[in-house]
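**Q** Build me a model from this:
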Amino acid sequence: MKAIRFHEFGSSEVLRHEDVDRPVPGTGQVLVRVAATSFNPVDDHIRAGVLAAMIPITLPYVPGIDLAGTVAETGAEVTGLEVGDRVVAMLPLDSAGGAAEYALVPAASLAPAPRTTELVDAAAL
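**A** Numbers count the residues shown, from 1 in each chain. Okay, here's the model as predicted:
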């Protein structure tokens, strides 16, 4: 799959479009096919390293803590979500984000996407 990642802190120049392995959901996780992500000041601060002391991340890192998409697969112990469900999420700040074709999301971080809003727009919620 394709993902935007950075391997070091810095300006937007550190972002790379790369081929990476598609993640596999573990217990309590959901694999979401990302329709869109949105970038907020916190995403910029994480990439720049401004928040490195407060929010330790593992490099390389996929930015985009807000996302919208559809459930592609569920891990063990995930209930109430089915493949194809439209969802939105705000990811934990230290987890890989939504600037990828697929993202792993804790099931507790997901909410149903509004039916009257395009997923591309719902990522900004």
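**Q** can you give me the strands for the protein?
**A** 2-6, 15-19, 29-38, 66-74, 86-90, 102-106, 110-112 (DSSP state E).
**Q** quick one, which of the ones you listed is nearest to residue 45?
**A** strand 2-6 (12.9 Å; C-beta to C-beta). No exception for glycine: its C-beta is placed from N, CA and C like everyone else's.
**Q** what's the offset of the closest one from the middle of its chain?
**A** Chain-centre distance of strand 2-6: 11 Å, with C-alpha atoms, centre = their mean, to the nearest Å.
**Q** Contacts only, for the nearest residue to residue 78 once chain neighbours are set aside.
**A** Leaving aside its sequence neighbours, residue 78 sits nearest to residue 107 (C-beta to C-beta, 6 or more residues apart in numbering; 4.6 Å). Residues near residue 107 by C-beta atoms under 8 Å, 6 or more residues apart in numbering: 28, 29, 30, 74, 75, 78, 80, 81.
**Q** Tell me if I'm right that the fifth one and residue 23 touch.
**A** Okay, so that is residue 75. No: in this structure residue 75 lies outside contact range of residue 23 using C-beta atoms under 8 Å: 10.3 Å.
**Q** Give the residue from the two that has the larger number of neighbours.
**A** Neighbours were counted for residue 75 and for residue 23 using other C-beta atoms under 10 Å; residue 23 has more, 19 against 16.
**Q** Pretty sure the more buried one sits against residue 97.
**A** No: assessed by C-beta under 8 Å, residue 23 is found out of contact with residue 97, at 11.8 Å.
**Q** if I look at the nearest residue to residue 101 once chain neighbours are set aside, how far off is residue 114?
**A** Sequence neighbours aside, residue 1 is the residue nearest to residue 101 in space, at 4.1 Å (criterion: C-beta to C-beta, 6+ apart). Going from residue 1 to residue 114 by C-beta to C-beta, to the nearest Å gives 26 Å.
**Q** Show the end-to-end separation of stretch 101-114, please.
**A** The first and last residues of stretch 101-114 sit 21 Å apart, counting by C-alpha to C-alpha, to the nearest Å.
**Q** Brilliant, that's me finished.
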